[in-house]
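1. Quick one, structure for this:
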Amino acid sequence: MSDRVIGVGVIGCGEIAQLMHLPYLHELPEFRIAALCDVSRGAAEKLGTHCRVSARYSDHRALLADPDVDAVLIATYDHAEIATDALRAGKHLLVEKLLAFTPEEARPLVEHAERGGLVALVGYMKLYDPGYEIGLERIALIGPPKSIHVHDFAGRFDRHGRLYTQTRVTDAPADALAAGRNAVARRIDAALGRDHAGYRDLYLVVLGLGSHDLAAMRGAFGAPSRVVYARQIGPKQLLAVLEYDDVPCVFDMAMAQYEWWDEWIHVHGERDEVRIEFQNTYFRNASAIVRVREAAGEGPSERVIPGAPDTAFRREWLHFADCIMPGRSRARRCPAGSPTSILPFRSSRRCRPKLFEAKAVERWTLVRRAQDRSGQKNMRSYERSEAIQGRPYRPRLRAACLRPLDCFVANAPRNDASVG
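-> Numbers count the residues shown, from 1 in each chain. Okay, the predicted model is just below:
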């Protein structure tokens, strides 16, 4: 790797790689696409021709042996084994969420990255959304919240395809793909246990959809002190009430078929409200919108603050480059998911490389209470926050991956998932 350009090998050339990663790897001067790998040899060949990349592989181990590859993007279905091989090969790593399907698979990867001195980042790109950053700044100014609501019913995932040109090749071995998914299902069932195997579909939805919202929630407020209530409403719907000391947080998630995108965080303060409305992930240059309700004299007022027309994926790659390349500016290095001192949570640590984003090692099933309650004595009060003292808000990255939260895990009853 030169001091100026990082050679990236892309493992998994499907939709998210084609629409949101390869364009920015091609555009940004910090990177060059060094190699492509996909189980569909035809897809790798066709994309290689389009991107003018000569190194094309169907086995990720061959790509990892390529000396021109300094870092890898993992955008396959099952990530943990490939991530392990990449770290053992000494490659920096940006892995699409989810890092792994079980905590047992994920936790050793953090240790591998730390021991190897490697930058390892999980792709929770919403932490880099410009509108999310604005929203956190506004939330930090309204005082201690009275309640928090995190909501994601998503929307249609079949509308964005017409906006982009994609390479689709159907030569991937169907039996191998099916075997891989069956193996994942068996591992999840083993992790959930026999009494909770019926939660597998919901578990996958929370990992695939809700993990982004839980990441944004933890980025804003830290780890909840406990789970008060959790219930599976339907095959793909979850309702939970979390607690941040005495502040309730409602989390509801489902797969809806709206023609709009329905994903937001709403915070109620004593006198003001702030709402961060996320946009469809697959729309470029569409950042979150912030709505602020506040007093105007003795009457109500509502402001709409749009985020900058940038793409979270692009800013995520810039953060990745900042962590890898020595001597670069650190202005973009810490995403907006750092503690904001909105609530008196445990102290933050400065952003540093060699770190998986905090939410990578969490498992998202149903539990009686959150396990990570340590560190509660090491807190800062809101009154000490930078916002109250009039200093500029500067987000910092929480190193919570070193203390994973086993959130929503196996103790919820199968039929009546109320927990108290």
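2. Can you give me every residue that contacts the closest residue to Gln18 other than its chain neighbours?
-> Of all residues beyond its chain neighbours, the one nearest Gln18 is Gln166 (5.4 Å), with distances taken as C-beta to C-beta, 6 or more residues apart in numbering. The way it works is simple: take the backbone N, C-alpha and C, and place the C-beta from them, glycine included. For Gln166, the set of contacting residues under the criterion of C-beta atoms under 8 Å, 6 or more residues apart in numbering consists of Glu15, Gln18, Leu19.
3. What of Val8?
-> Residues in contact with Val8 (C-beta under 8 Å, 6+ apart) are Leu25, Phe31, Arg32, Ile33, Ala34, Val69, Asp70, Ala71, Val72, Leu73.
4. what residues are up against the third one?
-> Pointing back at Arg32 there. With C-beta under 8 Å, 6+ apart as the criterion, the residues that contact Arg32 are Val5, Ile6, Gly7, Val8, Leu25.
5. can you rerun that using 10 Å?
-> Ser2, Val5, Ile6, Gly7, Val8, Leu25, His26, Val53, Asp68, Asp70 (C-beta atoms under 10 Å, 6 or more residues apart in numbering).
6. Show only the entries of these found in helices.
-> Assignment to helices by DSSP state H places the following of those there: Leu25, His26.
7. Restricted to strands, list the contacts of Arg32.
-> Counting by DSSP state E, the members of the contacts of Arg32 that fall within strands are Ile6, Gly7, Val8.
8. Quick check: of these, which lies closest to Val119?
-> Sorting the ones in strands among the contacts of Arg32 by distance to Val119 puts Ile6 at the head of the list, at 10.0 Å, by C-beta to C-beta.
9. Just grab the bridge partners of the closest one for me.
-> Phe31 (DSSP bridges).
10. ok, it touching Ala34?
-> Yes - under the criterion of C-beta atoms under 10 Å, Ile6 lies in contact with Ala34, with a separation of 8.7 Å.
11. hey, what's in contact with both of these two?
-> By the contact definition C-beta under 10 Å, 6+ apart, Ile6 and Ala34 are jointly contacted by Leu25, Val69, Asp70, Ala71.
12. which residues of this structure score low on pLDDT?
-> In the predicted model, the chain carries pLDDT under 70 at residues 1-3, 327-420.
13. I'd like to know how far Lys146 sits from Val267.
-> In this structure, Lys146 and Val267 are separated by 9 Å, where distance is defined by C-beta to C-beta, to the nearest Å.
14. Of the two, which one has the most company?
-> Val267 (25 against 14; other C-beta atoms under 10 Å).
15. check contacts around the more buried one.
-> Listed by C-beta under 10 Å, 6+ apart, the contact partners of Val267 are 135-136, 138-139, 142, 145-150, 220-221, 247, 249, 273-276, 342.
16. Mind checking which of the residues you listed are buried?
-> Of all the contacts of Val267 considered here, the ones buried according to neighbour count by 16 or more other C-beta atoms under 10 Å are 135-136, 138-139, 142, 145, 148, 150, 220-221, 247, 249, 273-276, 342.
17. Tell me which entries of those lie within strands.
-> If you go by DSSP E, the buried ones among the contacts of Val267 have Ile148, Val150, Val247, Cys249, Glu273, Val274, Arg275, Ile276 in strands.
18. Which one of these is nearest to Gly299?
-> Among these, and counting by C-beta to C-beta, the member closest to Gly299 is Glu273, at 15.1 Å.
19. and the residue nearest to the closest one when sequence neighbours are not counted, what element?
-> Beyond its immediate neighbours in the sequence, the residue positioned closest to Glu273 (C-beta to C-beta, 6+ apart) is Arg293, lying 4.3 Å away. Using DSSP states H and E, Arg293 falls within strand 289-296.
20. For that strand, name the packing helices and strands.
-> Taking 3 or more C-beta pairs under 10 Å, 6 or more residues apart in numbering; DSSP states H and E as contact, the helices and strands that strand 289-296 lies on are helix 130-141, strand 262-268, strand 273-277, strand 299-306.
21. Of those, which is nearest Phe320?
-> helix 130-141 (17.1 Å).
22. now the closest one against strand 262-268, angle please.
-> For helix 130-141 against strand 262-268, the angle between stretch directions is 20 degrees (axes from the mean of the first three to the mean of the last three C-alpha atoms, to 10 degrees).
23. From the contact counts, what lies against helix 130-141?
-> Packed against helix 130-141, as judged by 3+ C-beta pairs under 10 Å, 6+ apart, are the following elements: helix 211-221, strand 262-268, strand 273-277, strand 289-296, strand 299-306, helix 312-324.
24. how far off strand 273-277 does the second one point, in degrees?
-> If I follow you right, that is strand 262-268. Interaxial angle, strand 262-268 versus strand 273-277 (the same axes, to 10 degrees): 160 degrees.
25. Pairing partners for strand 262-268, with directions?
-> On the basis of DSSP bridges, the sheet neighbours of strand 262-268 come out as strand 147-154 (antiparallel), strand 273-277 (antiparallel).
26. now the fifth one
-> Using DSSP bridges, the strands paired with strand 299-306 in its sheet are strand 289-296 (antiparallel).
27. What are the buried residues along the partner strand?
-> Across strand 289-296, burial judged by 16+ other C-beta under 10 Å covers Ile289, Val290, Arg291, Val292, Arg293, Glu294.
28. and of those, the nearest to His112?
-> Val290 (37.9 Å).
29. ok, for Ile289, nearest residue in space, not its chain neighbours?
-> Closest to Ile289 by C-beta to C-beta, 6+ apart is Glu277, at 4.7 Å.
30. bridging residues for the one you found?
-> Assessed by DSSP bridges, Glu277 has beta-bridge partners Trp264, Ile289.
31. count of residues packed around it?
-> Applying other C-beta under 10 Å, we find 19 other residues in the vicinity of Glu277.
32. same check, this time on the one 4 residues further on
-> Neighbourhood size, Thr281 [other C-beta under 10 Å]: 22.
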